[in-house]
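**Student:** no letters, just coordinates:
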């Protein structure tokens, strides 16, 4: 028996490969099929099933391509209705993989078709449960993503999730291992742990949503309180996962079009073309192609693309570090951005070597920051509301990056803007978007809030502590 969690940090997503006696299954696969094919070949195994816990909103699953490549059956739980061939499993139905059994537990609440898959060994012992977005480590799935499709309120769905957890999941043995679809950093929950697996017993003791004495009304109130709006690309991903999509090989072929300087320059004036620079923040700040948006590969690249770049199939042209073109296109495809039409051959150095004009983002360290006259500076904190509430600079105004398009009118244009986040990644994204929208005097705090020396952090006139 082989059970492997294939965890992708950028998406905070866990896919699962299961093999027993030459038969295999994959649960919630990522879009690229190569990792699963390689494992099958190494094990000399044949894949029987591709199990989907639900229609994912935060990434494009690889179920369609993997089924075409291997001939495996795509399995969804009750109430799923995709437009491609699939097997509709019943609640409590059992599938066999070698010596293993996989039982379907229909657990509606996050979405109506949401399922968990309980794995049992040949002795009949429950080993693990693959919980999708029903149960995370430290949290449970948000109940607001399927409201429109289910014709229900988020409170209705939260109530269903309460029943699913208590009647299907919490009844499992304390030693059963929990393998969720996501961990910390995903927008599919509020308080997810950085751990990527746990046990039912520990979750009963530590997960706020599984408290034994919790009433349904309390569960609904706690689960729906403080939910941030879902990122804009979620709807697009659900549609692709239900209706199908272009093969990943075709998406890669289109995107890996090398553009010489003349071809690249000709695209800059096109209204339907976005220049996306994926280098690191330091290099971008030092110089970039005017009008570019920065979202660096070193951070949570794909989710931020999905949150900030319109999901209307706007064409994307890349400026990347040399050798990072293929990785960038693949990571964009994971969240449904199949519209890359090429990349600048030779990267930013090609632009620079031709003596073309560039733009820069100003940067300052904490010492320089402390010497500023804050009557003349506008300090903007682009972290999430919860981060700001926990502790923030007293002079800082909260304008989260997540909502920059909606809040851009709240950024003053007649003063210097100093942006910061926790470490410098998100604030550089914000700076590039503001520059593209006509804001000129912008500086970024190097190291962000985390880079403030302890001697400064202890000053009560500087830091606003938790709860204030």
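**Tutor:** Nice, I can see it. If you're wondering where the values come from, they're calculated on a predicted model, not measured in any experiment.
**Student:** domain parsing for this structure?
**Tutor:** By the assignment in automatic domain parsing, the chain contains the domains 2-224, 246-353, 362-464.
**Student:** quick one: low-confidence ranges for this protein?
**Tutor:** 313, 376, 455-461, 465-468 (pLDDT under 70).
**Student:** make sure residue 25 is indeed in a strand.
**Tutor:** Yes. Per DSSP: H, G, I helix; E, B strand; the rest coil, residue 25 lies within a strand segment.
**Student:** bridged to it, which residues?
**Tutor:** residue 18, residue 49 (DSSP bridges).
**Student:** residue 13 now?
**Tutor:** Residue 13 forms beta bridges with residue 8, residue 182, as assigned by DSSP bridges.
**Student:** and it, how far is that from residue 70?
**Tutor:** Separation of residue 13 from residue 70 (C-beta to C-beta, to the nearest Å): 21 Å. Using the backbone N, CA and C atoms, a C-beta is placed for each residue, glycine as well.
**Student:** also residue 23?
**Tutor:** Counting by C-beta to C-beta, the gap between residue 23 and residue 70 amounts to 12 Å.
**Student:** now list whatever residues contact both of those two.
**Tutor:** Counting by C-beta atoms under 8 Å, 6 or more residues apart in numbering, the shared contacts of residue 23 and residue 70 are 46-47.
**Student:** so how far is whichever strand or helix holds residue 380 off the chain centroid?
**Tutor:** If you go by DSSP states H and E, residue 380 is part of strand 377-381. Distance, stretch centre to chain centre, for strand 377-381: 27 Å (C-alpha atoms, centre = their mean, to the nearest Å).
**Student:** run through who's touching that strand.
**Tutor:** By C-beta under 8 Å, 6+ apart, the residues outside strand 377-381 that reach it are 388, 392-393, 395-399, 411-412, 415-421, 430, 449.
**Student:** what about 6 Å?
**Tutor:** Strand 377-381 is contacted by residues 388, 392, 395-399, 412, 415-419 when judged by C-beta atoms under 6 Å, 6 or more residues apart in numbering.
**Student:** so where do the helices sit in the stretch 251-400 of the chain?
**Tutor:** 261-267, 281-286, 301-308, 325-333, 348-353, 366-370, 385-390 (DSSP state H, counting those that start in this stretch).
**Student:** nearest approach to residue 91 belongs to which of the ones you listed?
**Tutor:** Closest to residue 91 of the helices of the stretch 251-400 of the chain, according to C-beta to C-beta: helix 301-308, at 32.0 Å.
**Student:** show me what the closest one is packed against.
**Tutor:** Helices and strands touching helix 301-308, by 3 or more C-beta pairs under 6 Å, 6 or more residues apart in numbering; DSSP states H and E: there are none.
**Student:** just the angle between it and helix 325-333, please?
**Tutor:** Helix 301-308 runs at 50 degrees relative to helix 325-333, counting by axes from the mean of the first three to the mean of the last three C-alpha atoms, to 10 degrees.
**Student:** would you turn the helices of the stretch 251-400 of the chain into TSV with distance to residue 57?
**Tutor:** Below are the helices of the stretch 251-400 of the chain laid out as TSV (distance: least, C-beta to C-beta, whole Å):
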stretch	distance to residue 57
helix 261-267	31
helix 281-286	28
helix 301-308	10
helix 325-333	16
helix 348-353	34
helix 366-370	38
helix 385-390	21
